[in-house]
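A.B. asks: sequence first, then the predicted structure, then my questions.
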Amino acid sequence: MKQIEHMRLPPLLLLSLFVNICHAQVAVLPTAADLPVHDGPTLGPSPARKGHGAQGQAKAATATLGNAANVYTILISAQNQVAYDPAINTVVFGHRHNPADHGDQGGTGTMRFDVSTDGGATWTIDQLLTPSIFDGSADTIIGCRYPSTTLYNPPGNTDPANAAVVSTGMTLNTIDTTLGLVNTGYLQRSSARLDGSAATCTFTDSYGDRTTYSAYGLCAKGDGTLWTLSARVSNSTDNADTVTFKDFRVNKGIWNDGTQHVDWTDVATLSPQTVVYGDYNGTDAKNAQVNGWNMAFSPDGQTGYAVIIGKEYDGIPCGPMPLVWKSIDGGDTWNQLPNHDFSQEQWVLDNIAPANDTGEPRPWFSGDHDITVDANGTLHLAGSVLSQYVGNSADSAGFIFSDIATQFILHTSTSDGVSWTVQKLSDKPHEDYEYPVNIVAPPGPQQGDRMQASRTDDGSHVFFTWNRSYDGASINQFPEIHGVGYNVATGLWTEVRSISAGTDADATAWWHTVSPVCISGGDDHDFEIPTVFANPGDYADVPSGFTYIKGIGFDESEFIVGTTEIGTTGSVSVFPNPSEGSFTVSLVNTGSVDLRVLDLQGRIVRTMRSNSPQLQVDLGDQPLGCYTLLVSGEKSRYAQKLMVR
């Protein structure tokens, strides 16, 4: 067993990259082949910090988990790669492997898992899940992608030896080479006992025509059943290079003691009437307006929701939005709820910039979202919501967008599809949402918001986390884990804050993923959120490690914020900028903060502490050029480029 310990981290080399932040946009992670060789600083983790983190808690501990050959194992927010079961106090994380760690065998698509049976304190890593890929006997399958992982635990069981880890996700195959998206068409469905025994893997094509794409929202219910929502892609020659999601299937899994594996069946088909765009410009290429999908159940397992972020032919002036199906009989039957006109919500009218061909707000929900269901059977969704910018009526049919004027992270909830709550959780720090973008400078990883949702086992509290860089950053290249909690009974929230500040995940929590169920009564917090984050290289196709962080979360005493106060975090502004060396720093609702100014080599040239609303920073004795102001407080962290001329 590997004992948990604080990471020993290399020196910080990130700060000199801040000068480039203002010139980049949100982008997918480039591959080494896309970009020139980078001779500058290597993007690495933060240095270890002493003492305590935010809210005075003891500094969270970390453990090094397994590695993958690249980051294409953890990029989708709906994957549910971490799972926790309080009955057996077990945490599990599933991921693809790095063949360099295993005798160069198994390619990049072999699935492995890391497991802790003492609540994250100690770990056994790199247990094999897909032996047939590893040894090459699965001759039509060349690898897994974007896997989900959960725990099967028999009802009433408290012994980890009787439980199993279960995984599913898309695969690549070596047949049907005319299909799009590098020959998908199967789901991998693997499992193993927690000690690594009885590892088996099957490959399933639900539709029988190589159009099964991927399964997200994998979850386990208290009755021992397992659930996920899989999609179908088009294999039309008109769509060879695009992904068209025709329909979705609710998959139910039942553990088979005889085979020591899960038997999966399709219990329902969901067929949204999605807009198809692309042919409006006279081309044959088509793509259904679907950005993501997910599912979750209430603690008692009776109320379930399947959510597809997409756009139907419904006449609602909105971009992709939550299309919701609900089950009230434990998943046996599913009915679509009414689509909601989010463009008429008062918050949207007040905050979302209007589309330029109509003057009306058209909110656009991105696929970066996650969901949970509370004790009352209410669906909670947290995700990115953007303004829709359309150039003309033809484009508006497909909701093509660019030059986004407004973008936010929102929480929204419903139980009937008719009435929805809408609360802003945070602003987004990015310049734009255009993608894909061929980023040349700065090199290194960038990421989206990576929304995640978790709840207590009884559903009395729900939590939402996301990756966010320092305030003032125009791209998400220094990701912290920000989060907020909601008490279902009282209707009170915690303040939105960085829960990774002061930990080894500070500014390096790449693509964090959390368990759908949190730890109640943890060593450091009343509610601790099992979390894994990535340790990527500069490019997508180089090895990526993973780190478990234990002891981040919230306390019951933090639930004191009313609904109207959500998202009212502090702000920092600097003026004039550029200047001849004298800057005024305005601090609004930040509390006591520490300020540092660094030059391009990362050397600190000024330090100060302030709890005043305004202060002066004088760099008149410093050489002309670019500097970075870092502001650190309990409520937020902020970075700003300063120019002395």
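C.D. replies: All right, it came through fine. Numbers count the residues shown, from 1 in each chain.

A.B. asks: let me know whether residue 200 touches residue 262 as I believe.
C.D. replies: No. Assessed by CB atoms under 8 Å, residue 200 is found out of contact with residue 262, at 9.3 Å. Glycine gets a C-beta too; all of them are placed from N, C-alpha and C.

A.B. asks: and these two? which has more neighbours close in?
C.D. replies: residue 262 (23 against 16; other CB atoms under 10 Å).

A.B. asks: contacting residues around the more buried one?
C.D. replies: 152, 166, 189, 191, 226, 253, 254, 255, 256 (CB atoms under 8 Å, 6 or more residues apart in numbering).

A.B. asks: just to revisit the earlier point, give me the common contacts of residue 200 and residue 262.
C.D. replies: Counting by CB under 8 Å, 6+ apart, the residues touching both residue 200 and residue 262 are residue 191.

A.B. asks: just to revisit the earlier point, could the contacts of residue 262 be laid out in JSON lines, adding pLDDT, secondary structure and neighbour count?
C.D. replies: Shown next, in JSON lines, are the contacts of residue 262 (pLDDT from 0 to 100; DSSP: H, G, I helix; E, B strand; the rest coil; neighbours: other CB atoms under 10 Å):
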{"residue": "152", "pLDDT": "98", "secondary structure": "strand", "neighbour count": "22"}
{"residue": "166", "pLDDT": "98", "secondary structure": "strand", "neighbour count": "28"}
{"residue": "189", "pLDDT": "96", "secondary structure": "strand", "neighbour count": "25"}
{"residue": "191", "pLDDT": "98", "secondary structure": "strand", "neighbour count": "25"}
{"residue": "226", "pLDDT": "98", "secondary structure": "strand", "neighbour count": "22"}
{"residue": "253", "pLDDT": "98", "secondary structure": "strand", "neighbour count": "23"}
{"residue": "254", "pLDDT": "98", "secondary structure": "strand", "neighbour count": "13"}
{"residue": "255", "pLDDT": "98", "secondary structure": "strand", "neighbour count": "20"}
{"residue": "256", "pLDDT": "97", "secondary structure": "strand", "neighbour count": "11"}
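
A.B. asks: what's the span of stretch 114-132, first residue to last?
C.D. replies: 19 Å (CA to CA, to the nearest Å).

A.B. asks: pLDDT on it, on average?
C.D. replies: For stretch 114-132, the mean per-residue pLDDT is 97.

A.B. asks: what's the closest non-adjacent residue to residue 302?
C.D. replies: Ranked by CB to CB, 6 or more residues apart in numbering and with sequence neighbours excluded, the top spatial neighbour of residue 302 is residue 330, at 5.3 Å.

A.B. asks: ok, the contacts of residue 262 vs residue 488, which is closest?
C.D. replies: residue 226 (25.0 Å; CB to CB).

A.B. asks: neighbours of residue 368, how many?
C.D. replies: For residue 368, the count of nearby residues is 23 (other CB under 10 Å).

A.B. asks: actually residue 594, not the one I typed
C.D. replies: Neighbours of residue 594 (other CB under 10 Å): 12.

A.B. asks: for residue 102, same thing?
C.D. replies: Neighbours of residue 102 under the rule other CB under 10 Å: 15.

A.B. asks: and it, what is it in contact with?
C.D. replies: So residue 102 contacts 110, 126, 134 (CB under 8 Å, 6+ apart).

A.B. asks: dump those residues into a markdown table; add secondary structure as well.
C.D. replies: Shown next, in a markdown table, are those (DSSP: H, G, I helix; E, B strand; the rest coil):
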| residue | secondary structure |
| --- | --- |
| 110 | coil |
| 126 | strand |
| 134 | helix |
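
A.B. asks: among those, who's most crowded?
C.D. replies: Result: residue 110 is most packed of these (other CB under 10 Å), 26 neighbours.

A.B. asks: and that residue, what does it touch?
C.D. replies: 96, 97, 99, 102, 128, 129, 130, 133, 134, 143, 144.

A.B. asks: could you rerun that using 6 Å?
C.D. replies: Each residue near residue 110 by CB atoms under 6 Å, 6 or more residues apart in numbering is listed here: 97, 130, 133, 134.

A.B. asks: quick one on the thing from earlier: of the contacts of residue 102, closest to residue 317?
C.D. replies: residue 110 (46.7 Å).

A.B. asks: bridged to the residue lying closest to residue 427 once chain neighbours are set aside, which residues?
C.D. replies: With CB to CB, 6+ apart as the criterion, residue 427 has its nearest non-adjacent residue at 6.1 Å, and that residue is residue 408. Taking DSSP bridges as the rule, residue 408 bridges to residue 385, residue 427.

A.B. asks: burial count for residue 606?
C.D. replies: Neighbours of residue 606 under the rule other CB under 10 Å: 14.

A.B. asks: what bridges to it?
C.D. replies: Beta-bridge partners of residue 606, as defined by DSSP bridges: residue 597.

A.B. asks: correct me if wrong: it contacts residue 597.
C.D. replies: Yes. Counting by CB atoms under 6 Å, residue 606 does reach residue 597; the two are 3.9 Å apart.

A.B. asks: just the helices in the stretch 151-300 of the chain please.
C.D. replies: Secondary structure of the stretch 151-300 of the chain (DSSP state H, counting those that start in this stretch): helices at 180-183.

A.B. asks: and for the chain?
C.D. replies: 131-134, 180-183, 346-351, 393-398 (DSSP state H).

A.B. asks: lowest-confidence stretch among these?
C.D. replies: Looking at the helices of the chain, the bottom one is helix 393-398 with a mean of 42.
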